[in-house]
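**Q** Starting from these lines, generate the structure:
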Amino acid sequence: EVVSLVVDADDLDGDRLTLHLLRAFAPADAKRSQMLLGGVGDHGRRAIIMALLAELAARTLRTVLFIDDLHWLGEAAADSILRLLIAHQPESLALVLSGRASLAGTVNEALLEGRLYRYGPAQLAFDEAEITRLLGQHGMDARAPVPKALVDGLLERTQGWPAVLRLIAITLQNGEGRPDHLLQNLLERRQEVTEYRGKVLLSRLPERTARFLLGVALLRRFDAALATATTGMDDAAALIEDLDRRAVPLSASGDAALPYALHPLVREFLLVRLRRDDPALMRALADRASRWLTTHQRIDAAIDLSL
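**A** Have a look, this model is predicted:
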């Protein structure tokens, strides 16, 4: 059995994640346990997690539990939920934990013991063989093998980022003409194909989400507050979540205060489209972002914005 859960952005105490776990593995107990959480908080969470682990340990069926967006959990919740899951993990349970922030304090012991493995962007990036297989799945090798030079060029341009590669593969599959010619153009006629990829990406998103994505493309790194100030969209946090769910390439920026960044290749073809279609909007977005960054004393980010 595979169970996939996503931490809600405002679930700092982890109560909702705990209830999601219960509904997935012990739905009959979910209502009673919700009352327990409301009454005793952290102690209730621990009691529920331990009971849940005992239930899983009694199963003969192997279970894979995937928990995404763990960066939204507060430190106390991460400690009370994740540390228990890892420390008392039954043999029948495989854990996959994913997030944009380091879980070092919670997982160090398991890492040292060899019970947990850490995979970062370098390990998750596609290599030449995986890129070739992906292109084949989108019709690239229907007539002939994909030329190695094209695969190498694609790897260099994308750094092997899976979501960006998939977007390119979809572009090639939906484009007119031979996919290998389109791929060659991707590498040689950068401006034209960049504009085309921007069109493909935006056409696959709801109109409001597409407008939001264009609005934040100007920002090298951002959070929901800066995105709201720049785009004028009060639901920026929800739109960021929507982009993440749709596999638009967001990554950790390395800046704790402005944690999000677009993949450079995605940002590039969005900026090309913005400059071409609406330079006045681009100037307005830059002015709003600059004012917010200056007000919040992020002079370094304001300088980046002007480059």
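**Q** Please report how far R45 lies from L53.
**A** As judged by CB to CB, to the nearest Å, R45 and L53 stand 13 Å apart. C-beta coordinates here come from the backbone N, C-alpha and C atoms, glycine included.
**Q** Comparing the two, which shows the higher neighbour count?
**A** Taking other CB atoms under 10 Å, R45 and L53 do not tie; R45 has more neighbours (24 against 19).
**Q** So which bits of the helix or strand hosting that one are buried?
**A** Using DSSP states H and E, R45 sits within helix 42-57. For helix 42-57, a neighbour-count test (16 or more other CB atoms under 10 Å) marks D42, G44, R45, R46, I48, I49, L52, L53, L56 as buried.
**Q** Dump those residues to TSV, plus distance to T209 and pLDDT.
**A** Shown next, in TSV, are the buried residues of helix 42-57 (distance: CB to CB, whole Å; pLDDT from 0 to 100):
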residue	distance to T209	pLDDT
D42	36	68
G44	37	72
R45	34	77
R46	38	81
I48	35	80
I49	35	84
L52	35	85
L53	38	87
L56	37	85
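**Q** Throw these into TSV and include distance to I67, thanks.
**A** Listed next are these as TSV, based on distance: CB to CB, whole Å:
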residue	distance to I67
D42	18
G44	19
R45	15
R46	17
I48	15
I49	12
L52	13
L53	14
L56	14
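**Q** which among those gets closest to V2?
**A** Distance to V2 across the buried residues of helix 42-57 (CB to CB) is lowest for L56, with 13.5 Å.
**Q** what are the ranges of the helices in the stretch 201-307 of the chain?
**A** Ranges of helices in the stretch 201-307 of the chain, per DSSP state H, counting those that start in this stretch, are 207-216, 224-231, 236-245, 264-277, 279-295, 299-306.
**Q** Could you report the pLDDT at S33?
**A** Here, the pLDDT recorded for S33 equals 54.
**Q** Look up the closest residue to G74, ignoring the ones flanking it.
**A** Among residues not flanking G74 along the chain, L12 sits closest, at 3.9 Å (CB to CB, 6 or more residues apart in numbering).
**Q** residues in contact with the closest residue to G232 other than its chain neighbours?
**A** Once flanking residues are discounted, G232 sits nearest to R288: 7.5 Å by CB to CB, 6+ apart. R288 sits next to A229, T230, G232 when contact means CB atoms under 8 Å, 6 or more residues apart in numbering.
**Q** Buried among these? Make that a ChimeraX selection.
**A** To isolate the buried members of these in ChimeraX, using 16+ other CB under 10 Å:
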select :229,230
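**Q** Tabulate the contacts of R288 in CSV, adding columns for distance to L150 and pLDDT.
**A** Formatted as CSV, these follow (distance: CB to CB, whole Å; pLDDT from 0 to 100):
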residue, distance to L150, pLDDT
A229, 41, 96
T230, 37, 96
G232, 41, 95
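**Q** With distance to G160 as extra columns, can I get the contacts of R288 in CSV?
**A** What follows is the contacts of R288, written out as CSV (distance: CB to CB, whole Å):
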residue, distance to G160
A229, 33
T230, 30
G232, 35
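**Q** quick one on the thing from earlier: which one of the helices of the stretch 201-307 of the chain lies nearest to L19?
**A** helix 236-245 (18.9 Å).
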